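**Student:** 3D, please:
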Amino acid sequence: MVKKIFNGESAIFGRISSIIAKELLKGNNIVLINSEKVLISGNKEEYVKKMRAKLKMGRGSSMKGPKYIRREDLILKRMIRGMLPWDRAKGRNAFKNLRCYISLGNLPEEEIKKAIKIEFKKPIKSFTVEEFIRALK
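**Tutor:** The predicted model follows:
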């Protein structure tokens with residue numbers, strides 16, 4: 001197994017998630033740093049409106065769910081999990097090899113310098129995962 005470190009800064013949410021999911025299925029250990037700086041393309045107000053509607057669903061007398069994540073690194077982990085074959089053992093085992101960190105985590109300096117930075121053309125309308133979480137509060 002190969003350990004690969006990805007830098008999420010200025011990467012697009014869905015594209016970096018699919019690349020990481022493919023690497024996980026190959027059997028590699030993946031570390032994602034700067035997960036709060038990943039870009040989401042589209043209209044921010046529309047995404048916030050949809051998420052607030054989902055968060056409101058879980059309220060009421062039972063308080064049993066559905067529960068939705070509000071942390072930057074866990075939102076990315078959940079997105080990547082959705083791209084893995086979770087109903088099979090290979091998908092669940094691949095997911096165990098994923099680590100996501102807000103900012104740089106506790107990685108040594110030489111590993112951070114070797115991080116793979118995936119760059120795509122920046123969309124016209126985009127916002128970071130950090131801005132999305134702040135807008136929900």
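**Student:** now do the SS call for residue 31.
**Tutor:** On the three-state scheme (DSSP: H, G, I helix; E, B strand; the rest coil), residue 31 is labelled strand.
**Student:** surely it is in contact with residue 107?
**Tutor:** Yes - using CB atoms under 8 Å, residue 31 is in contact with residue 107, at 7.0 Å. Using the backbone N, CA and C atoms, a C-beta is placed for each residue, glycine as well.
**Student:** so what pLDDT did the nearest residue to residue 117 once chain neighbours are set aside get?
**Tutor:** Excluding its sequence neighbours, the residue lying closest to residue 117 (CB to CB, 6 or more residues apart in numbering) is residue 7, at 4.5 Å. On the pLDDT scale, residue 7 is placed at 92.
**Student:** coming back round to it: give the residues shared as contacts by residue 31 and residue 107.
**Tutor:** Residues touching both residue 31 and residue 107 by CB atoms under 8 Å, 6 or more residues apart in numbering: 5, 101.
**Student:** neighbour-wise, which of these two wins?
**Tutor:** residue 31 (20 against 15; other CB atoms under 10 Å).
**Student:** and that one, how far is that from residue 77?
**Tutor:** 12 Å (CB to CB, to the nearest Å).
**Student:** and for stretch 24-32, what's in contact with it?
**Tutor:** Counting by CB under 8 Å, 6+ apart, 1-6, 8, 16, 20, 23, 73, 76, 80, 84, 90-91, 94-95, 97-101, 105, 107 sit against stretch 24-32.
**Student:** try 7 Å this time
**Tutor:** The list of residues contacting stretch 24-32 from outside it, by CB atoms under 7 Å, 6 or more residues apart in numbering, reads 1-6, 8, 20, 23, 76, 84, 94-95, 97-101, 107.
**Student:** may I have that stretch as CSV, with CA atoms only?
**Tutor:** Only the C-alpha atoms of stretch 24-32 are listed here, as CSV (Å, rounded to 0.1, in the frame of the first residue of the first chain):
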residue,chain,number,x,y,z
LEU,A,24,-8.8,4.1,-2.1
LEU,A,25,-10.2,1.3,-4.2
LYS,A,26,-6.7,0.7,-5.6
GLY,A,27,-5.6,-0.1,-2.0
ASN,A,28,-3.7,3.1,-1.2
ASN,A,29,-3.7,4.9,2.1
ILE,A,30,-5.0,8.5,1.6
VAL,A,31,-4.6,11.6,3.7
LEU,A,32,-6.5,14.7,2.8
